[in-house]
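**Q** Below is the structure, and that's it, no one-letter string:
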Ligand code: SF4
């Protein structure tokens, strides 16, 4: 396409317009955010990245201090205003990480169906843990090691995968597998405007 004919495209959406967060000179410090990825496929974080050019607007208002999608230089989870968690709780390490984030944030958001309900990782809940381990490590056609890991360094798998609210208090659920970028944008901009996002058949329609 010729430079002179290239036009800026605007992403069309049928969803209600999100509130435009106000950015003013001398505005208060940015909202401090941490995100975490537990038992999930990374799709929810990828959907967050699908905010695309809206990320530029967002970083005027928030600092992402700790996240699998930023090149963080801090080893320990800092105190933050908002914690955003993808995935459910499947093992001892994940419960520890989640409890730590809960202690260090003011608002905890469950991002996506795995965090909200257990979703796909929780499909194993209908089988005994020993059967799941045997299937994955001993019987799977692709597994030639045929040995269930038992090194103490490996986090201990719980008998059931659990959604976040069965482990800690959750302040906001953002459903979807994954929630699409418009839904994430709506939720974050509502929070930044001091409002609680309201879910309805319009902003949670998947088509
Ligand atoms: Fe992946 Fe869907 Fe779970 Fe998000 S909710 S982590 S997209 S499986």
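**A** Sure, I can see it. Keep in mind the model is a prediction, meaning the values are calculated, not measured.
**Q** Distance check, residue 198 against the ligand.
**A** With distances taken as CB to the nearest ligand atom, to the nearest Å, residue 198 is found 21 Å from the ligand. (Glycine included, C-beta is placed from N, CA and C.)
**Q** Ramachandran coordinates for that residue?
**A** phi -110, psi 120 (degrees, to the nearest 10).
**Q** next one: residue 158
**A** According to degrees, to the nearest 10, residue 158 has phi -80, psi 160.
**Q** That one contacts residue 118, correct?
**A** No - using CB atoms under 8 Å, residue 158 is not in contact with residue 118, being 11.4 Å away.
**Q** Now find how far off-centre stretch 192-200 is within its chain.
**A** Relative to its chain's centre, stretch 192-200 lies at 17 Å (CA atoms, centre = their mean, to the nearest Å).
**Q** Now do the buried residues in it.
**A** Buried positions in stretch 192-200, judged by neighbour count with 16 or more other CB atoms under 10 Å: 192, 197.
**Q** Low-confidence stretches in the protein?
**A** Residue ranges of the chain with pLDDT under 70: 1-28, 206-207.
**Q** tell me the centre residue of it?
**A** Among the residues of the chain, the one closest to the centroid is residue 86, at 2.9 Å (CA atoms, centre = their mean).
**Q** and residue 127, what is it in contact with?
**A** Shown in contact with residue 127 (CB atoms under 8 Å, 6 or more residues apart in numbering): no residues.
**Q** Write out the residues of the chain neighbouring the ligand.
**A** Selection of the chain residues close to the ligand by CB under 6 Å from any ligand atom yields 40-41, 43-44, 86-87, 112-114, 119-120, 177-178.
**Q** so of the residues you listed, which ones are in strands?
**A** Members of the residues of the chain next to the ligand lying in strands (criterion: DSSP state E): residue 86.
**Q** Which ones among the residues of the chain next to the ligand lie within helices?
**A** Secondary structure defined by DSSP state H assigns 43, 44, 113, 114 of those to helices.
**Q** Touching, residue 58 and residue 184? I think so.
**A** No - counting by CB under 8 Å, residue 58 sits too far from residue 184 to count as a contact (9.7 Å).
**Q** So for the two, which sits in the more crowded spot?
**A** Taking other CB atoms under 10 Å, residue 58 and residue 184 do not tie; residue 184 has more neighbours (26 against 20).
**Q** Please verify my assumption that the residue nearest to the centre of the chain contacts residue 42.
**A** Yes - shown here, residue 86 and residue 42 form a contact pair, counting by CB under 8 Å, at 7.4 Å.
**Q** related to what we said a few turns ago, anything in contact with each of residue 58 and residue 184?
**A** residue 51.
**Q** now the strands for this structure?
**A** Going by DSSP E, the chain shows strands at 31-37, 62-66, 82-86, 89-91, 107-111, 157-162, 172-174.
**Q** which of those sits most buried?
**A** strand 82-86 (a mean of 27; mean count of other CB atoms under 10 Å).
**Q** what ranges do the helices span in this protein?
**A** Under DSSP H, the chain gives helices at 43-49, 54-58, 92-104, 113-117, 129-134, 181-192.
**Q** Specify the angle between the last one and strand 107-111 in degrees.
**A** Right, the one you point to is helix 181-192. Per axes from the mean of the first three to the mean of the last three CA atoms, to 10 degrees, the angle that helix 181-192 makes with strand 107-111 is 170 degrees.
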